[in-house]
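Enquirer: build the 3D model from these lines:
(one chain, ligands or ions: 1)
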Amino acid sequence: MPYVHDTLERLRKSSPAQTEFYQAAEEVLECLRPLFDRDPYYHDHNIIERIVEPERQMMFRICWTGDNGRVYVNKGYRVQFNSALGPYKGGLRFHPSVTSGTIKFLGFEQIFKNALTGLPIGGGKGGSDFDPKDKSDNEIMRFCQAYMSELYRHIGPTSDVPAGDIGVGAREIGYLYGQYKRLTGRYEGVLTGKGLDWGGSIGRKEATGYGAVYFAQNMLKARGENIEGKTCLVSGAGNVAIYTIEKLLALGANPITCSDSRGTIVDNNGIDLALLKELKEVKRTSLEQYLTKRPKARYIPATDYPDDGHAVWRLKADVAFPCATQNELTDTDAKALLQNGVTCISEGANMPSNAAAINRFLNANIAYGPGKAANAGGVATSQLEMAQNSSMEQWPLVKVDAKLKDIMANIHQQCADTAEEFGEPNNLVLGANIAGFRKVANAMIAQGVT
Ligand code: NDP
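Expert: Down below sits the predicted model:
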């Protein structure tokens, strides 16, 4: 269809060198073809060209002082992509690989993910190429204060509400929030992922990981199976990976791996959650230290897989949870996963599987839950935090968790129903993209040309 092709070509020319963004846009637009074939309405309103262009993008300089007294400079970003369904909502990523293209890809995915939650939130994303690794607490604080000194003028509790992502956890949200209050004098829900004593929601920290497991449960249930007793592969060792592992253990599954950028732990007796939390949430150290307390586990350095893929995906298992970063799962990994018996994949990370891997999963007709559906539990619970902040309440865990479970079941149902409607049952990628797109596009059309 020339409409889709022409839009992608125009994007490549008008936004050069944003490979991850083209990848995300291509996946969505290709899935929308059957919708456009059936319904010229969206074409008549020129919706694709409008939806791939952010409403607004901010790029700014961040200057901060190191413990050695030197001044350092980083780039800061915030993309306010689409507000048709509500205030911009999406996390902040601090990682040296961040570029304006990374933030655009994440913001674009966020539009459809947020729409799938059924909650009134638009799509946004932000971050910096700052590397939090090996920085002291004081350096992290000064960087966060410098970042917020520019960001505060662009955000607000009913206009744009950032949260965490890679490199931005509870500590960073605390420093960012402190600076926002200092600059504005306001105590309001302008960030989510806050501490429980100062406006945070119970269950937010756990929500993305728990949600990815609930999504897997829904996919398995649709095939007459259960997560209990399943051997699971998890990549990453950050927020999403840790709480994926926690929920898997609680449900009687056996997660045998976790990983960071330096290597992979394989523990056939099940990952020791308390040890993992101690290493990553308290000591913030390398996973290799896991072996000092669990000598029977195995450590595979990332250098063993320098060019193509990840050690996590080369083991025998039933279910896989990619929870580290984009494009961490290649076609070679996908082939290995299928050969090793994996029949269900639920993505905790954003766009962790590359396009060839996704095609392989769809052709094999396994249960494959794309990130924009399977990891939406985090942003959904962020919206619950916004609701609690605006009513000055704090809900108990049972209430938040029940809502999270319902939201994940609804997302799965919407994706499955939409896939069925377009004649491709089990294709949850197509289901997620069309279901998310329709909500946003219909709202944009109803609100006129803006
Ligand atoms: P964290 O920073 O807490 O953890 C990220 C983990 O992934 C770390 O173990 C990190 O290892 C590893 N990792 C990061 N980059 C690479 C890389 N290039 N190669 C190998 N490993 C890498 O982030 P989160 O857990 O919050 O986020 C993980 C994923 O989940 C991201 O894709 C994020 O966008 C997505 N996500 C997060 C949500 C949330 O609520 N936090 C919500 C929805 C999606 P190391 O420390 O060594 O770098």
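Enquirer: going forward, measure contacts between C-alpha atoms and count neighbours the same way
Expert: Fine.
Enquirer: if you skip the residues just before and after it, what's nearest to the residue nearest the centre of the chain?
Expert: Geometric centre of the chain, nearest residue: residue 350, 4.2 Å, by C-alpha atoms, centre = their mean. Spatial nearest neighbour of residue 350, chain neighbours left out: residue 371 (5.2 Å); criterion: C-alpha to C-alpha, 6 or more residues apart in numbering.
Enquirer: that neighbour and residue 354 touch, don't they?
Expert: No - contact criterion C-alpha atoms under 8 Å: residue 371 and residue 354 do not qualify, at 11.8 Å.
Enquirer: between these two, which one's more packed in?
Expert: Applying other C-alpha atoms under 10 Å to residue 371 and residue 354 shows that residue 371 carries more neighbours, namely 26 against 18.
Enquirer: report the mean confidence score over the helix or strand encompassing residue 171.
Expert: Residue 171 belongs to helix 170-184 when assigned by DSSP states H and E. Regarding helix 170-184, the rounded mean pLDDT is 98.
Enquirer: run through who's touching that helix.
Expert: Residues outside helix 170-184 that contact it (C-alpha atoms under 8 Å, 6 or more residues apart in numbering): 140-141, 144-145, 147-149, 152, 163-164, 186-187, 190-195.
Enquirer: do stretch 321-335 as well
Expert: Contacts of stretch 321-335 (C-alpha under 8 Å, 6+ apart): 212, 232-238, 240-241, 244, 260, 308-310, 313-314, 345-354, 356-357, 360-361.
Enquirer: mind listing what's buried along that stretch?
Expert: By neighbour count on 16 or more other C-alpha atoms under 10 Å, the buried set for stretch 321-335 is 321-334.
Enquirer: could I get the contacting residues of the residue nearest to the centre of the chain?
Expert: 106, 109, 325, 326, 371, 372, 375.
Enquirer: so it lies in a strand, does it not?
Expert: No - counting by DSSP: H, G, I helix; E, B strand; the rest coil, residue 350 falls outside a strand, being coil.
Enquirer: find me the pLDDT at it, would you?
Expert: 98.
Enquirer: now it. Its backbone dihedrals?
Expert: Dihedral pair for residue 350: phi -90, psi 120, per degrees, to the nearest 10.
Enquirer: just how off-centre is the strand ranked longest in the chain within its chain?
Expert: The longest strand of the chain (DSSP state E) is strand 71-82. From the chain centre to the centre of strand 71-82 is a distance of 18 Å (C-alpha atoms, centre = their mean, to the nearest Å).
Enquirer: quick revisit: show me which of the contacts of stretch 321-335 are buried.
Expert: Buried residues within these, counting neighbours by 16+ other C-alpha under 10 Å: 212, 232-238, 240-241, 244, 260, 309-310, 313-314, 345-354, 357, 360-361.
Enquirer: ok, the closest residue to residue 326 other than its chain neighbours to residue 437 distance?
Expert: Excluding its sequence neighbours, the residue lying closest to residue 326 (C-alpha to C-alpha, 6+ apart) is residue 352, at 4.0 Å. Applying C-alpha to C-alpha, to the nearest Å, the value for residue 352 to residue 437 is 21 Å.
Enquirer: how about the secondary structure of residue 93?
Expert: Per three-state DSSP, residue 93 ends up strand.
Enquirer: what residues are up against the residue nearest to it when sequence neighbours are not counted?
Expert: Closest residue to residue 93 apart from its sequence neighbours, by C-alpha to C-alpha, 6+ apart: residue 127 at 4.3 Å. Residue 127 makes contacts with 76, 77, 78, 91, 92, 93, 94, 98, 103, as judged by C-alpha under 8 Å, 6+ apart.
Enquirer: of these, which is the nearest to residue 204?
Expert: Nearest to residue 204 among those, counting by C-alpha to C-alpha, is residue 91 at 12.9 Å.
Enquirer: next up, phi/psi of the closest residue to the closest one other than its chain neighbours, please.
Expert: Using C-alpha to C-alpha, 6+ apart and skipping the chain neighbours, the partner closest in space to residue 91 is residue 163 (4.1 Å). Dihedral pair for residue 163: phi -140, psi -160, per degrees, to the nearest 10.
Enquirer: residue contacts, the nearest residue to residue 157 once chain neighbours are set aside?
Expert: Once flanking residues are discounted, residue 157 sits nearest to residue 190: 4.4 Å by C-alpha to C-alpha, 6+ apart. Contacts for residue 190 (C-alpha under 8 Å, 6+ apart) come out as 155, 156, 157, 160, 161, 162, 177.
Enquirer: and the gap between the last one and the ligand?
Expert: So the one you mean is residue 177. 17 Å (C-alpha to the nearest ligand atom, to the nearest Å).
Enquirer: same check, this time on the fourth one
Expert: Summarising the geometry, the distance separating residue 160 from the ligand, computed by C-alpha to the nearest ligand atom, is 16 Å.
Enquirer: that older thread, restrict the contacts of residue 350 to contacts with the ligand.
Expert: The residues of those that also fall near the ligand, by C-alpha under 6 Å from any ligand atom, are 325, 326, 375.
Enquirer: helix, strand, or coil at the first one?
Expert: On the three-state scheme (three-state DSSP), residue 325 is labelled coil.
Enquirer: this protein against the ligand: which residues are in contact?
Expert: 164-167, 208, 236-241, 260-262, 323-326, 348-350, 375, 378.
Enquirer: picking up where we left off before, are we agreed that the residue nearest to residue 157 is in a strand?
Expert: No - judged by three-state DSSP, residue 190 forms no part of a strand; its state is coil.
Enquirer: switch to numbering from 44
Expert: Taking 44 as the first residue, the last one we looked at is residue 233.
Enquirer: what pLDDT does it get?
Expert: The per-residue pLDDT reported for residue 233 equals 97.
Enquirer: again, but for residue 44
Expert: pLDDT, residue 44: 61.
Enquirer: so residue 141 is in contact with residue 174, correct?
Expert: No - judged on C-alpha under 8 Å, residue 141 makes no contact with residue 174 at a distance of 9.6 Å.
Enquirer: more neighbours, those two?
Expert: The residue with more neighbours, out of residue 141 and residue 174, is residue 141; 19 against 16, by other C-alpha under 10 Å.
Enquirer: torsion angles phi and psi at that one?
Expert: Backbone geometry at residue 141, expressed as degrees, to the nearest 10, gives phi -70, psi 130.
Enquirer: touching, the residue nearest to residue 134 and residue 135? I think so.
Expert: Yes - with contact defined as C-alpha under 8 Å, residue 206 reaches residue 135; the gap is 6.0 Å.
Enquirer: would you mind listing the buried residues in stretch 67-75?
Expert: Buried residues in stretch 67-75, counted by 16+ other C-alpha under 10 Å: 67, 68, 69, 70, 71, 72, 74, 75.
Enquirer: with those residues in mind, which one is nearest to the ligand?
Expert: Using C-alpha to the nearest ligand atom, residue 67 is the member of the buried residues of stretch 67-75 that sits closest to the ligand, with 13.2 Å.
Enquirer: the residue lying closest to that closest one once chain neighbours are set aside: helix or strand, and which one exactly?
Expert: Excluding its sequence neighbours, the residue lying closest to residue 67 (C-alpha to C-alpha, 6+ apart) is residue 148, at 6.0 Å. Using DSSP H and E, residue 148 maps to helix 143-159.
Enquirer: that'll do, ta.
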